[in-house]
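Student: Got a predicted structure here, sequence first:
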Amino acid sequence: MKRLLMLMLAISSFTISSCQEKMKKYDWIPTECAPKNYPVQIYSGYFYYGEKGSIYVPDGREVNYGWGAEGSVDIAGDQLKEAPHTLELTWISFTENKNYTGKFELDTKKIDSLLSAGYPSEIDGGKGKYDVVKVGMAPGGYVVLWLTGERNKQVEVGQFRAKPIGELDWKKVYPAMGGTFDKYINSIRSELNDTVKQQMKDHAIPMDYWAGLRKRYQWRPVIESAGQIQRIDLDYFNKERDFVFGEALKHIAFKPSAVIEEISVYWLDDKNRELRTEIKFDEQEAFAFFSKLQGNEEGQLVVHLDKEKQDATVGLKVKDNEVAFKQIKVQSFYR
């Protein structure tokens with residue numbers, strides 16, 4: 001009898017704990033994006049959360065803000081919501097003149113963990129929070145999901161591949177529309193740049209390009225300078241964004257990260273003035289350099305700051321060999 005009572009109490013405790021986890025809610029909203037010059041338009045998009053909750057992904061407009069960029073926002077539905085567990089999405093890719101659809105199961109545990117934990121920040125009491133779930137759509141039915149937060153923090157939480165489908169009933173979305181959707185499609189396509197038009201003509205749209213941006217390598221940034229480093233911002237080609245400040249600057253670990261697109265260093269010069277040194281990387285050169293890292297081989301992105309000239313050089317160091325980047329663009333600004 002005693003064992004039965006203990007078992008019942010354990011089950012009861014587990015049920016209460018599960019319900020508490022299940023009920024945890026956050027203030028987040030959805031948004032959308034697509035690569036510049038490869039526009040899309042959403043036919044229907046919904047995130048599902050909790051038992052019966054849902055919120056739509058903003059639609060009704062051409063989307064070409066840029067890969068990983070901020071999209072449109074519609075304030076609707078519940079303010080507080082559980083982490084989403086499913087994404088249903090149907091859209092048209094204008095460059096391909098093709099429709100895609102997919103129902104994707106999300107990594108709810110990972111998303112919930114990030115929404116709950118947040119991240120270290122210099123503002124808001126030392127803790128930043130994610131408050132946007134961003135959907136990216138690219139040619140070939142490629143879908144990427146990011147969480148975005150304050151200070152432009154952005155982390156990838158999923159990637160999927162949608163399937164092509166037949167015609168969509170756009171009159172259902174736009175009841176007042178006369179004729180077909182073809183006139184609108186042709187209008188969008190006619191405004192694209194010559195490079196993309198040639199790709200469409202040659203059936204040479206780079207379908208796997210956006211998947212290639214996600215490749216990760218074991219590396220870390222290292223700042224070498226006599227100046228006092230206050231903070232570094234890291235933008236990656238897969239459109240994740242991170243920043244490091246304070247004591248954390250002394251303990252940057254190697255971790256699997258995408259190829260660097262831009263790094264900004266906030267520091268004090270020899271006259272104790274605050275500067276931001278912005279370093280932009282050439283995509284072709286950066287991918288060529290990082291591709292030399294094999295398997296779990298570790299690399300260091302070494303930024304050499306000149307305290308007096310407000311200039312910088314950058315190299316990728318593997319073991320004792322450091323190769324300098326030639327195509328970087330460096331600018332320094334007083335804050």
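Tutor: Nice, I can see it. Note that this is a predicted model, so its numbers are computed, not measured. Numbering: from 1, shown residues only.
Student: Give me the distance between G158 and W170.
Tutor: Counting by Cβ to Cβ, to the nearest Å, the separation of G158 from W170 is 28 Å. C-beta here means a position set from N, CA and C on the backbone, and glycine is covered the same way.
Student: wait, I meant K250
Tutor: 56 Å.
Student: Please identify which of those two sits among more neighbours.
Tutor: Legend: neighbour count by other Cβ atoms under 10 Å for K250 and W170, higher for W170 (17 against 8).
Student: how about the more buried one, phi and psi?
Tutor: The phi/psi pair for W170 (degrees, to the nearest 10) reads phi -70, psi -20.
Student: separation between it and S44?
Tutor: Separation of W170 from S44 (Cβ to Cβ): 11 Å.
Student: and if you look at Y174?
Tutor: In this view, Y174 and S44 are 13 Å apart by Cβ to Cβ.
Student: quick one, which of these two is more surrounded?
Tutor: Each of Y174 and S44 had its neighbours counted (other Cβ under 10 Å), and the higher figure belongs to S44 (15 against 11).
Student: The helix or strand hosting the more buried one: how far from the chain's middle?
Tutor: In the assignment (DSSP states H and E), S44 maps to strand 40-49. Centre-to-centre, strand 40-49 and its host chain are 18 Å apart (Cα atoms, centre = their mean, to the nearest Å).
Student: List the buried residues for that strand?
Tutor: Neighbour-count burial for strand 40-49, with 16 or more other Cβ atoms under 10 Å as criterion, is recorded at 40-43, 45-49.
Student: quick one: which of those is nearest to V132?
Tutor: V132 lies nearest to F47 out of the buried residues of strand 40-49, by Cβ to Cβ, at 11.7 Å.
Student: Touching, the closest one and P58? I think so.
Tutor: No. The criterion here is Cβ atoms under 8 Å, and F47 misses it with P58 at 11.4 Å.
Student: For R241, list each beta-bridge partner.
Tutor: For R241, the beta-bridge partners are Q154, D235 (DSSP bridges).
Student: roughly how far apart are it and T277?
Tutor: Taking Cβ to Cβ as the measure, R241 falls 17 Å from T277.
Student: what about those two, which has more around it?
Tutor: T277 (24 against 20).
Student: Neighbours of N152, how many?
Tutor: Look at N152: counted by other Cβ under 10 Å, it has 12 neighbours.
Student: out of everything not next to it in sequence, what's closest to it?
Tutor: Here the nearest residue to N152 in space, its sequence neighbours aside, is R241; by Cβ to Cβ, 6 or more residues apart in numbering that works out to 5.0 Å.
Student: ok, the one you found - contacts?
Tutor: 152-154, 233-235 (Cβ atoms under 8 Å, 6 or more residues apart in numbering).
Student: If we use 7 Å, what do you get?
Tutor: 152-154, 234-235 (Cβ atoms under 7 Å, 6 or more residues apart in numbering).
Student: Which among those count as buried?
Tutor: 153-154, 234-235.
Student: which one of the residues you listed sits closest to K292?
Tutor: K292 lies nearest to L234 out of the buried ones among the contacts of R241, by Cβ to Cβ, at 19.9 Å.
Student: Show me the common contact partners of F47 and P58, please.
Tutor: Contact with both F47 and P58 is made by residues P30, according to Cβ under 7 Å, 6+ apart.
Student: the helices in the chain, which residues?
Tutor: Secondary structure of the chain (DSSP state H): helices located at 2-22, 108-117, 170-173, 182-190, 194-202, 209-212, 283-290.
Student: list the helices and strands the second one packs on?
Tutor: In this case it means helix 108-117. For helix 108-117, the packing partners by 3 or more Cβ pairs under 7 Å, 6 or more residues apart in numbering; DSSP states H and E come out as strand 84-93, strand 154-161.
Student: how about those strands, which one is nearest W267?
Tutor: For W267, the closest of those is strand 154-161, at 23.4 Å, according to Cβ to Cβ.
Student: Which elements pack onto that closest one?
Tutor: Against strand 154-161 (3+ Cβ pairs under 7 Å, 6+ apart) you get helix 108-117, strand 142-149.
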